[in-house]
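A.B. asks: Need coordinates for the following:
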Amino acid sequence: MSFRKSLFTFLLLAVFLFTALPVQAASPTVNDEVGLFTPEEIATMNQIASEINQEIKGEVFVVTTTNNTTDPETFADNYLRNQIGNDNNGAVLLLDMAQREIHLSTSGNMIDYLNDRRIDEILDSVYDYMVQENYGQAAISYLTMAQKYIAQGVPGGHYRVDRETGKITRYKVLTGFEILFALVVALLSAGGFFIFIKSRYQLKSGTYAYPFAEKSNFKLIDKEDRLVNSFVTTRRIPKPPSNSGGGGGGGSTTHSSGGGTFGGGGRSF
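C.D. replies: This is a model prediction of the structure:
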């Protein structure tokens, strides 16, 4: 009985300690250090960001500051990394009011959703609102446009270009027709293979008898492979020229920062 009482007391104490521990809250979507946004604008941003976060399985952010003394790209990359870690899905819009800079940093699948062309279009919209001092609508525009591009999916023919090395990594995006065609071909192939094997084992295609007596012996021989020579060819792939146009196809320029890979872009206002 004393053992049961001791166990019960231990469990009660464990539950008490667990519930008493502080719960770490999720990172806020909007970090408005400067006080540029109204409560209504922040509520709208939170709602749109929540929908985006569910779709990308990550997090998007907006941050304003007047205290940054580093390069805006470095600040945005570090901010995003501190919130979600390296190479996880997310994006942050930085409004640097001291340096008068806008910067959008992307990570994980947001690098692919927001390619260079789409980022340019987002920055165009954000810039127009910033010069009008309509700061809340600038941030809302970033989120609504990002949500639209995510709904459209990764552009066809998408690729990543490493800014430092020029290396290009291409991604194949399957269309709905290609997926359906592949499923039909797979089903037909599997069905045909099943019918063939079944008919062979049931000897419906003839009176073939396997000559097991003649085929039952085998010999093992020594085999040795020798590598005579090998060649490795490398070449630098230049970065393709940037083109103006809509938010469709194209690549995402990436760079390394703090052990992670980031995309993005920025401009002054």
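A.B. asks: Sketch out the low-pLDDT regions of this protein for me.
C.D. replies: Scanning the chain for pLDDT under 70 picks out the ranges 1-27, 172-179, 181-182, 191-192, 194, 196-249.
A.B. asks: Do a quick rundown of the strands in it.
C.D. replies: 30-32, 59-65, 90-96, 101-107, 159-162, 168-170, 251-257, 260-268 (DSSP state E).
A.B. asks: got these as CSV, with mean neighbour count and distance to Q147 columns?
C.D. replies: All C-beta atoms are positioned from the backbone trio N, CA, C, and that covers glycine. Output for those, formatted as CSV (neighbours: other C-beta atoms under 10 Å; distance: least, C-beta to C-beta, whole Å):
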stretch, mean neighbour count, distance to Q147
strand 30-32, 19, 16
strand 59-65, 23, 9
strand 90-96, 27, 11
strand 101-107, 26, 14
strand 159-162, 18, 22
strand 168-170, 12, 26
strand 251-257, 20, 18
strand 260-268, 20, 17
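A.B. asks: R118 is nearest to which of those strands?
C.D. replies: Closest to R118 of those, according to C-beta to C-beta: strand 251-257, at 8.9 Å.
A.B. asks: and of the strands of the chain, who's closest to R117?
C.D. replies: Using C-beta to C-beta, the strands of the chain put strand 251-257 closest to R117, at 8.8 Å.
A.B. asks: From the contact counts, what lies against that closest one?
C.D. replies: Packing partners of strand 251-257 (3 or more C-beta pairs under 8 Å, 6 or more residues apart in numbering; DSSP states H and E): helix 72-84, helix 110-113, helix 116-131, strand 159-162, strand 260-268.
A.B. asks: go again using 7 Å as the cut-off
C.D. replies: helix 110-113, helix 116-131, strand 159-162, strand 260-268 (3 or more C-beta pairs under 7 Å, 6 or more residues apart in numbering; DSSP states H and E).
A.B. asks: Same list (the strands of the chain) but as JSON lines, adding distance to I42.
C.D. replies: Output for those, formatted as JSON lines (distance: least, C-beta to C-beta, whole Å):
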{"stretch": "strand 30-32", "distance to I42": "5"}
{"stretch": "strand 59-65", "distance to I42": "9"}
{"stretch": "strand 90-96", "distance to I42": "13"}
{"stretch": "strand 101-107", "distance to I42": "19"}
{"stretch": "strand 159-162", "distance to I42": "33"}
{"stretch": "strand 168-170", "distance to I42": "37"}
{"stretch": "strand 251-257", "distance to I42": "28"}
{"stretch": "strand 260-268", "distance to I42": "23"}
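A.B. asks: Ok, which of the ones you listed comes nearest N46?
C.D. replies: The nearest among those, by C-beta to C-beta, is strand 30-32 at 6.8 Å.
A.B. asks: For the closest one, give me every contacting residue.
C.D. replies: Defining contact as C-beta atoms under 7 Å, 6 or more residues apart in numbering, one finds that strand 30-32 is touched by F37, I42, M45, N46, F61, V62, V63, T64.
A.B. asks: The first one: how many residues sit nearby?
C.D. replies: F37: 22 surrounding residues under other C-beta atoms under 10 Å.
A.B. asks: Need phi/psi at it.
C.D. replies: phi -110, psi 150 (degrees, to the nearest 10).
A.B. asks: Contacts only, for the residue lying closest to it once chain neighbours are set aside.
C.D. replies: Residue nearest to F37 in three dimensions, not counting chain neighbours: G136, with 4.6 Å by C-beta to C-beta, 6 or more residues apart in numbering. With contacts defined as C-beta under 7 Å, 6+ apart, the neighbours of G136 are L36, F37, T38, E41.
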